[in-house]
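# build me a structure from this.
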Amino acid sequence: MKNSFSEAVLRWYDQYGRKTLPWQIERTPYRVWVSEIMLQQTQVATVIPYFEKFMQRFPDVITLAGAEADQVMYYWSGLGYYARARNLHEAAKIISDKYNGEFPREIDKVLALPGIGRSTAGAILSLACDQPHAILDGNVKRVLARYFMIEGWYGKVDVLNKLWEKAIELTPATNVASYNQAMMDIGSLVCTRSKPHCAECPVNNSCGSNKENRQSEFPTPKPKKKIPVKSVRMAMLRNANSELLLQRRPPAGIWGGLLSFPEIPEDTAVDQWCADTLGIKVAEQQSWPVLRHTFSHFHLDITPVLISITQKNSRIMDQDHWVWYKGSSIEIGGLAAPVKRLISEMESRERND
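Next up is the predicted model:
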């Protein structure tokens, strides 16, 4: 089966596979690595413009390693899952210091880098170096689960192990870069989550779920659970120069290292919090409607409070985690997604006034 499966997949790739994605041009381990990290939890069409801008700013490992964390976050801002960017930056430093800026070619060394798991390591070394490593990203999991009718949510270890066994079994010893790219393309373009295009699949005649018309049953979905709701008030402090006060969040946790509006405890009055925390007197305040931002594991209901003040406070600027922001393109760091939305809403309201 191995040869017939991989041969059919490779024939399909020759005719239909993607070969002109930005990271496929001038292919290097560094470019493939950055693309693979960006593509985690994110679609190709979304990643392309981010990848191109990131490469212009950080064309190699040495440049990325030498950059400030704020600069990296600035160019990642909007992609989400920001731990990916922090791990990418930390890994670049390790590669720069330990491997003289050359991305390692040994699988164990790649796996030891922050943010790189088994499938990502295999993808980097197979796509960039044509090494014979299997991959198992979300698209490949879906193809294999349907083909072999593997039941059970693949968040379970035993199900994941079955998928890995099949992935390794089918991966050819040669043309691995083309094969792995083909498997990802088939999952993305043909064996889609809903309404798969089975007639266009190169292995449809031997696919178990296609033969039994059970495509919708695989892969087994993740068991649903109720997502909790948390709430927070955010202070949108604006001075007489229309600058907004942003606070850099701690490195760990949600929006780690990003700039966000400061949070006001629910049981504290706005003017009292401004006086006690910032030494600022409130001239005017206005609560906006609740904005819901959804993470993978909870909903966050944000109550924005627009606060007008008459002057800056030098006490704030003595602390490097505060920034006065005015739509600047300076690389001061990335903005949390709801902060971008609120700033956009503020600008829209001002234009309409």
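
# drop to CA atoms for contacts and neighbour counts, all remaining ones
Fine.

# Leu300 falls within a strand, correct?
Yes. Counting by DSSP: H, G, I helix; E, B strand; the rest coil, Leu300 falls inside a strand.

# dump the residue contacts of it.
Taking CA atoms under 8 Å, 6 or more residues apart in numbering as the definition of contact, the neighbours of Leu300 are Val229, Lys230, Ser231, Val232, Arg292, His293, Thr294.

# then Ala91?
Contacts here follow CA under 8 Å, 6+ apart; on that basis Ala91 touches Leu113, Pro114, Gly115.

# sec struct for the first one, please.
Local secondary structure at Leu113 is given as coil here, using three-state DSSP.

# circling back to that earlier point, between the contacts of Ala91, which is nearest Thr174?
Leu113 (26.2 Å; CA to CA).

# which one is that closest one nearest to, not counting chain neighbours?
In space, Leu113 comes closest to Ala91 once its chain neighbours are excluded; the distance is 5.5 Å by CA to CA, 6 or more residues apart in numbering.

# quick check: which element contains that neighbour?
For Ala91, the enclosing helix or strand under DSSP states H and E is helix 83-98.

# and what of Thr303?
Assigned by DSSP H and E, Thr303 belongs to strand 299-309.

# okay, now the unreliable bits of the protein?
Under the criterion of pLDDT under 70, the regions of the chain flagged as low confidence span 1-2, 311-320, 328-332, 353.

# need phi/psi at Gln247.
Dihedral angles of Gln247 (phi, psi; degrees, to the nearest 10) stand at phi -120, psi 130.

# what sits against it?
Under the criterion of CA under 8 Å, 6+ apart, the neighbours of Gln247 are Leu259, Ser260, Phe261, Pro262, His321, Trp322, Val323.

# you'd agree the last one is in a strand?
Yes. When the secondary structure is assigned by three-state DSSP, Val323 falls within a strand.

# nearest residue to it in space, please, no chain neighbours.
On the basis of CA to CA, 6+ apart, the spatially nearest residue to Val323 that is not a chain neighbour turns out to be Leu246, at 5.2 Å.

# before we move on, the earlier item: just the CA coordinates of the strand holding Thr303, formatted as CSV?
In CSV, the C-alpha atoms belonging to strand 299-309 read as follows (Å, rounded to 0.1, in the frame of the first residue of the first chain):
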residue,chain,number,x,y,z
HIS,A,299,-14.9,34.2,26.6
LEU,A,300,-13.7,37.6,27.8
ASP,A,301,-16.3,40.4,28.2
ILE,A,302,-14.6,43.7,28.1
THR,A,303,-16.3,46.9,29.3
PRO,A,304,-14.2,49.8,27.8
VAL,A,305,-14.2,53.1,29.7
LEU,A,306,-13.1,56.1,27.7
ILE,A,307,-11.3,58.5,30.1
SER,A,308,-10.2,62.0,29.2
ILE,A,309,-7.4,63.6,31.1
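
# for that strand, buried residues please.
Neighbour-count burial for strand 299-309 flags Leu300, Asp301, Ile302, Thr303, Pro304, Val305, Leu306, Ile307, Ser308, Ile309 (criterion: 16 or more other CA atoms under 10 Å).

# beta partners for the last one?
When bridges are assigned using DSSP bridges, the partners listed for Ile309 are Val282.

# again, but for the third one
In this structure, Ile302 has beta-bridge partners Val232, Leu291, where bridges are defined by DSSP bridges.

# ok, it - contacts?
With contacts taken as CA under 8 Å, 6+ apart, Ile302 has the following neighbours: Ser231, Val232, Arg233, Met234, Val290, Leu291, Arg292, His293.

# kindly indicate which of those residues lies nearest Gly327.
Closest to Gly327 out of the contacts of Ile302 is Met234 (18.6 Å), distances taken as CA to CA.

# quick one: classify that closest one as helix, strand or coil.
When states are read from three-state DSSP, the local structure at Met234 comes out as strand.

# domain-wise, how is the protein divided?
Split into domains by automatic domain parsing, the chain comes to 2-217, 229-352.

# pick the most buried one from these.
Most buried of the domains of the chain, by mean neighbour count (mean count of other CA atoms under 10 Å): domain 2-217, with a mean of 18.

# how far is it from where the chain is centred?
Between the mean C-alpha point of domain 2-217 and the mean C-alpha point of its chain there is a distance of 13 Å (CA atoms, centre = their mean, to the nearest Å).

# nearest to Arg351, of the buried residues of strand 299-309?
Taking CA to CA as the measure, Leu306 is the one of the buried residues of strand 299-309 closest to Arg351, at 16.3 Å.

# please save the CA atoms from the helix holding Ala91 in PDB.
Listed next in PDB are the C-alpha coordinates belonging to helix 83-98 (Å, rounded to 0.1, in the frame of the first residue of the first chain):
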ATOM      1  CA  ALA A  83       3.500  32.400  22.500                       C
ATOM      2  CA  ARG A  84       4.600  31.300  19.000                       C
ATOM      3  CA  ALA A  85       6.400  34.600  18.400                       C
ATOM      4  CA  ARG A  86       8.100  34.500  21.800                       C
ATOM      5  CA  ASN A  87       9.300  31.000  21.300                       C
ATOM      6  CA  LEU A  88      10.400  31.800  17.700                       C
ATOM      7  CA  HIS A  89      12.500  34.700  19.100                       C
ATOM      8  CA  GLU A  90      14.000  32.600  21.900                       C
ATOM      9  CA  ALA A  91      14.800  29.800  19.500                       C
ATOM     10  CA  ALA A  92      16.600  32.300  17.200                       C
ATOM     11  CA  LYS A  93      18.800  33.400  20.100                       C
ATOM     12  CA  ILE A  94      19.700  29.800  20.800                       C
ATOM     13  CA  ILE A  95      20.500  29.100  17.100                       C
ATOM     14  CA  SER A  96      22.600  32.300  16.900                       C
ATOM     15  CA  ASP A  97      24.600  31.500  20.100                       C
ATOM     16  CA  LYS A  98      24.800  27.700  19.900                       C
END
